[in-house]
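Participant: Below is the sequence, then the predicted model.
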Amino acid sequence: MTTKLEHHLRSLIRTTGPISVADYFHLCLSDPQYGYYKTHDPFGVDGDFITAPEISQLFGEMIGIFLVHAWQSHGAPDNPHLVEIGPGRGTMMTDILRVIQKLAPALYGQLQVHLVESSERLQKVQSQSVVEHKFKTTWHDSLETVPEGFTLAVANELFDAIPMRQFVATGQGFRERMVALDEQDNLTFAAGVATLDPVSLPTGYDTARTGSIFELAPARDAIMQQLSERIRSFGGTALIIDYGHMATSLGDTLQAVYQHQFDPPLAHPGDADLTSHVDFEALARRARATGLHINGILPQGDFLVMLGLLERAAALGRNKDAVIQESIRMDVARLAGSGEGKMGELFKVLAVSHPAVDLVPFKLPPT
């Protein structure tokens, strides 16, 4: 069945010509009338995916532990700002604040919480989640309006939903991949006329087979630069969690999820959630160029386990019945499991800071 957005896209392409993958990505998610985020709630069991904080409180608790450690490593500065960009339902922030309140009351007492969220609908959901901390919490449409000061920032599954451009290898070099119409008036991929400077391509691009895809994400780069400039100016640490790869490489990672199932990206525009893998090397490269210290990049599973996930799970299940204990065990397996396609390996965690500090678990202190 043709979606409402597909009708709109066909008309647009007939009028103006093929559109870039980046524009298609943006319209699918954010079209004012028919975009996925405007017409669907993507989070939780009723949405098309469940994020790590929705799986278990353990995830947000480990992030809270990390942030307490980061604050202490920076010398416990006064009047810190805790910033989450793209806070979803507010579940993770609630778990983070509960841990900070318990482990570091001095930090909690001074902390100002800033949720960067442009959706009024999600702001209302988040306000219910963080109601116990409402006097500390402020919402912002963008990072630019967050007050100056030492910053602890976190972004979970933010960058994967920011549109990226795709370039396809042809006999005439890499050309921008476009969304066009075929002879039956159906959406299809096609090579455009825009080319790509080879300096942007990874090593080995010159031997790439025809049809190979390279993804470039200037919008993600711009957000990383904005965040990095804030950390450089006021001091602090930023933690980025998303699914992606550690090294820049060729590959088509554009994917759609429709009714909890993977779906061809052009099949249900506006009714399916679109994402793509995050290039963590590119994010780290931008942060380093802005003057930040790169603490490191780890698979999510390693990050969580080294922060104490297993010990916290054992404490959470202590004296509980077998059903609850098994549920906790399964949650741990989902969050930290290794192997192809497993969340613990597919998701990566990047930490950057200024000034340079050693942060567990990225660099363990000497014994």
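Facilitator: Thanks, I have it. Residues are numbered from 1 along each chain as shown.

Participant: quick one, helices of the protein?
Facilitator: In chain order, the chain shows helices spanning 4-16, 21-30, 36-39, 52-55, 57-73, 91-103, 105-110, 120-129, 218-234, 280-289, 300-306, 309-317, 322-336, 343-346, with DSSP state H as the criterion.

Participant: give me every residue that touches A76.
Facilitator: Residues in contact with A76, defined by Cβ atoms under 8 Å, 6 or more residues apart in numbering, are A106, L107. Using the backbone N, CA and C atoms, a C-beta is placed for each residue, glycine as well.

Participant: any idea how far L111 lies from R232?
Facilitator: Using Cβ to Cβ, to the nearest Å, we find L111 at a distance of 21 Å from R232.

Participant: what about those two, which has more around it?
Facilitator: L111 (21 against 18; other Cβ atoms under 10 Å).

Participant: quick one, what contacts the more buried one?
Facilitator: Counting by Cβ under 8 Å, 6+ apart, the residues that L111 touches are P80, H81, L82, I100, K136.

Participant: Return the member of these nearest to M1.
Facilitator: Within the set of the contacts of L111, L82 lies nearest M1; the separation is 44.1 Å, counting by Cβ to Cβ.

Participant: Let me see the confidence value for that closest one.
Facilitator: L82 is assigned 98 on the pLDDT scale.

Participant: so it sits right up against G149, yeah?
Facilitator: No: shown here, L82 and G149 do not form a contact pair, counting by Cβ atoms under 8 Å, at 10.7 Å.

Participant: Pull up the overlap in contacts between the two.
Facilitator: Counting by Cβ under 8 Å, 6+ apart, the contacts common to L82 and G149 are Q112.

Participant: who has more neighbours, those two?
Facilitator: When neighbours are counted by other Cβ under 10 Å, L82 and G149 differ, and L82 comes out ahead with 25 against 16.

Participant: any chance of the contacts of L111 in JSON lines, with distance to H26 too?
Facilitator: Rendered in JSON lines, the data for those read as follows (distance: Cβ to Cβ, whole Å):
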{"residue": "P80", "distance to H26": "34"}
{"residue": "H81", "distance to H26": "29"}
{"residue": "L82", "distance to H26": "29"}
{"residue": "I100", "distance to H26": "35"}
{"residue": "K136", "distance to H26": "33"}
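
Participant: Mark which of those residues are buried, thanks.
Facilitator: P80, H81, L82, I100, K136 (16 or more other Cβ atoms under 10 Å).

Participant: where's the last one relative to T237, distance?
Facilitator: Distance check for K136 against T237: by Cβ to Cβ, it reads 19 Å.

Participant: swap in the fourth one?
Facilitator: Applying Cβ to Cβ, one obtains 14 Å for the distance of I100 from T237.

Participant: The second one now?
Facilitator: Here the distance between H81 and T237 works out to 12 Å (Cβ to Cβ).

Participant: anything in contact with each of those two?
Facilitator: T151, L152.

Participant: State the number of residues packed around E120.
Facilitator: Around E120 sit 9 other residues, with neighbours defined as other Cβ under 10 Å.

Participant: Read off the pLDDT value for it.
Facilitator: In the prediction, the pLDDT value recorded for E120 is 87.

Participant: my guess is F234 contacts T151, does it?
Facilitator: Yes: because the distance of 5.7 Å satisfies Cβ under 8 Å, F234 is recorded as touching T151.

Participant: more neighbours, those two?
Facilitator: Taking other Cβ under 10 Å, F234 and T151 do not tie; T151 has more neighbours (24 against 17).

Participant: Contact partners for the nearest residue to that one once chain neighbours are set aside?
Facilitator: Distance criterion Cβ to Cβ, 6 or more residues apart in numbering; nearest residue to T151, sequence neighbours excluded, is G236 at 3.8 Å. By Cβ under 8 Å, 6+ apart, G236 lies in contact with A70, H74, P80, H81, F150, T151, L152, A153, R230, S353, H354.

Participant: rerun at 10 Å
Facilitator: With contacts defined as Cβ atoms under 10 Å, 6 or more residues apart in numbering, G236 is in contact with 70-71, 74, 77, 80-83, 149-153, 230, 292, 352-355, 357.

Participant: List the buried residues in the helix or strand bottoming out on mean pLDDT in the chain.
Facilitator: Comparing helices and strands within the chain by mean pLDDT, DSSP states H and E singles out helix 36-39 as the least confident, with a mean of 84. By neighbour count, and taking 16+ other Cβ under 10 Å as the criterion, the buried residues in helix 36-39 are Y36, Y37.

Participant: Please tell me how far that helix is from the chain's geometric centre.
Facilitator: Going by Cα atoms, centre = their mean, to the nearest Å, the spacing between the C-alpha centre of helix 36-39 and its chain's C-alpha centre is 18 Å.

Participant: Please save the CA atoms from that helix in CSV.
Facilitator: Coordinates of the C-alpha atoms in helix 36-39 are reproduced here as CSV (Å, rounded to 0.1, in the frame of the first residue of the first chain):
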residue,chain,number,x,y,z
TYR,A,36,7.6,9.2,11.0
TYR,A,37,8.4,11.2,14.1
LYS,A,38,5.4,13.4,13.5
THR,A,39,2.9,10.5,13.2
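
Participant: tell me how far stretch 218-230 is from the chain's mean position?
Facilitator: 13 Å.

Participant: That's all I had, so thanks and see you.
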